[in-house]
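# Any chance you could fold what I've pasted below:
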Amino acid sequence: MWDQRYSEQPYAYGTAPNAFVKASLDTQKPGKILFAAEGEGRNAVYAAQQGWEVEAFDLSAAGRDKALALAKQNGCEITYTVSDALSYQGGPYDAAAFCYFHTPEQVEDCYHHLVDMLHPEGSVVFEGFSVKNIGLGSGGPQKEDMCFTVERVFGLFKDLQSVEVWEEKVVLDEGRFHQGEAWVIRAQGVK
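Numbers count the residues shown, from 1 in each chain. Sure thing, here's the model as predicted:
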């Protein structure tokens, strides 16, 4: 499904970074960062433009190809691997970004595996669709087990020393597939 979506033009979720990821990165000193399930690269490319050393992965080779093309168009470099979350190996990282990383299986194992790759005091930024978003038509999974609650996200980041998690209603304008009012769960934390 993802290769098919990312093979189409234009960029499925646009080329601008997610607003929450951008705001979070803008407050941090650049270092080495991981982008999980990065799709077409909009967040990774923004981070690279700000001086971050960027590594990213996704299941989709078509997504990787578009991300690398976007990086080239913007005069920056990113390292991008085609991989699933549990097989991915890298780090250690100063930060990790999880932007709409919805997986139907082994969710906790995937997140814990990736958070383990952070340096002590490494930061996490997260945005995903809330279960309240089901049926709104603004994008995202329409199955409850693939969406998030505040409690579930706290569980994903239980190993962090400091974590804030909240639910928020936002207006998305991210390409063709994220449009309109949406309920999201956001989180920030430090290992």
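# how about stretch 136-150: buried residues?
136, 138-141, 146-148 (16 or more other Cβ atoms under 10 Å). The C-beta positions use only the backbone N, C-alpha and C, and glycine is treated the same way.
# which one of the residues you listed is nearest M117?
Nearest to M117, judged by Cβ to Cβ, of these is F148 at 21.0 Å.
# wait, W166 sits on V184?
No. W166 is beyond contact range of V184, at 9.5 Å (criterion: Cβ atoms under 8 Å).
# Tell me which of the two has more neighbours.
Per other Cβ atoms under 10 Å, whichever of W166 and V184 has more neighbours is V184, with 24 against 11.
# Surely the more buried one touches K132?
No. With contact defined as Cβ under 8 Å, V184 and K132 do not form a contacting pair (9.1 Å).
# Mutual contacts of those two, please.
E167 (Cβ atoms under 8 Å, 6 or more residues apart in numbering).
# Of the buried residues of stretch 136-150, just say which sits nearest to A85.
Nearest member of the buried residues of stretch 136-150 to A85, counting by Cβ to Cβ, is M146, at 14.0 Å.
# The closest one and R152, how far apart?
The gap separating M146 from R152 is 11 Å, by Cβ to Cβ, to the nearest Å.
# Looking at the buried residues of stretch 136-150, which one is closest to K29?
Nearest to K29 among these: F148, at 28.3 Å, using Cβ to Cβ.
# what sits opposite that closest one in the beta ladder?
S130 (DSSP bridges).
# Could you pull out the strands in the chain for me?
Per DSSP state E, the chain has strands spanning 32-36, 53-58, 79-82, 93-99, 118-129, 162-174, 178-190. These are given in chain order.
# Same list (those strands) but as JSON lines, adding distance to N18 and mean pLDDT.
Below are the strands of the chain laid out as JSON lines (distance: least, Cβ to Cβ, whole Å; pLDDT from 0 to 100):
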{"stretch": "strand 32-36", "distance to N18": "11", "mean pLDDT": "98"}
{"stretch": "strand 53-58", "distance to N18": "14", "mean pLDDT": "98"}
{"stretch": "strand 79-82", "distance to N18": "17", "mean pLDDT": "98"}
{"stretch": "strand 93-99", "distance to N18": "5", "mean pLDDT": "98"}
{"stretch": "strand 118-129", "distance to N18": "6", "mean pLDDT": "97"}
{"stretch": "strand 162-174", "distance to N18": "7", "mean pLDDT": "97"}
{"stretch": "strand 178-190", "distance to N18": "9", "mean pLDDT": "97"}
